[in-house]
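S.K.: Fold the stuff below for me.
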Amino acid sequence: MPMAAYCDPPLTTVHQPVAEAGAALVEALLCQLNGERRGPQTMPVYLKLRESASRPE
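M.R.: Coordinates of the predicted model:
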């Protein structure tokens with residue numbers, strides 16, 4: 001969320017790879033339709049620390 005950096009204070013955000021998660025979901029559904037089993041899959045998330053996550057002064 002690029003605009004979070006311009007808030008006052010700048011907001012800490014979590015980036016979730018939505019496009020990659022969607023692609024993995026489609027692949028899992030296609031595997032399931034073909035009778036294949038897949039185990040759980042985790043997706044990486046990235047924390048962008050900004051001033052909203054600091055200790056109060």
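
S.K.: Need phi/psi at the most centrally placed residue in the chain.
M.R.: Using C-alpha atoms, centre = their mean, the residue of the chain that lies closest to the mean C-alpha position is residue 16, 1.3 Å off. When read as degrees, to the nearest 10, the backbone of residue 16 gives phi -120, psi 120.

S.K.: give the contact list for it.
M.R.: With contacts taken as C-beta atoms under 8 Å, 6 or more residues apart in numbering, residue 16 has the following neighbours: 43, 45. Where C-beta positions appear, they are placed from N, C-alpha and C, glycine not excepted.

S.K.: how about 10 Å then?
M.R.: For residue 16, the residues meeting the contact criterion (C-beta atoms under 10 Å, 6 or more residues apart in numbering) are 43, 44, 45, 46.

S.K.: Assign residue 14 to helix, strand or coil.
M.R.: Of the three states, residue 14 takes strand under DSSP: H, G, I helix; E, B strand; the rest coil.

S.K.: any idea which of the contacts of residue 16 is closest to residue 10?
M.R.: Distance ranking of those against residue 10, using C-beta to C-beta, places residue 46 first at 15.9 Å.

S.K.: Hmm, residue 12 and that closest one touching each other?
M.R.: No. Contact status for residue 46 versus residue 12: not in contact, 11.4 Å apart, counting by C-beta atoms under 10 Å.

S.K.: Of the two, which one has the most company?
M.R.: For residue 46 and residue 12, the more surrounded residue by other C-beta atoms under 10 Å is residue 12, and the numbers stand at 14 against 9.

S.K.: Show the contacting residues for that one.
M.R.: With contact taken as C-beta under 10 Å, 6+ apart, residue 12 is in contact with 4, 47, 48, 49, 50, 51, 52, 53, 54.
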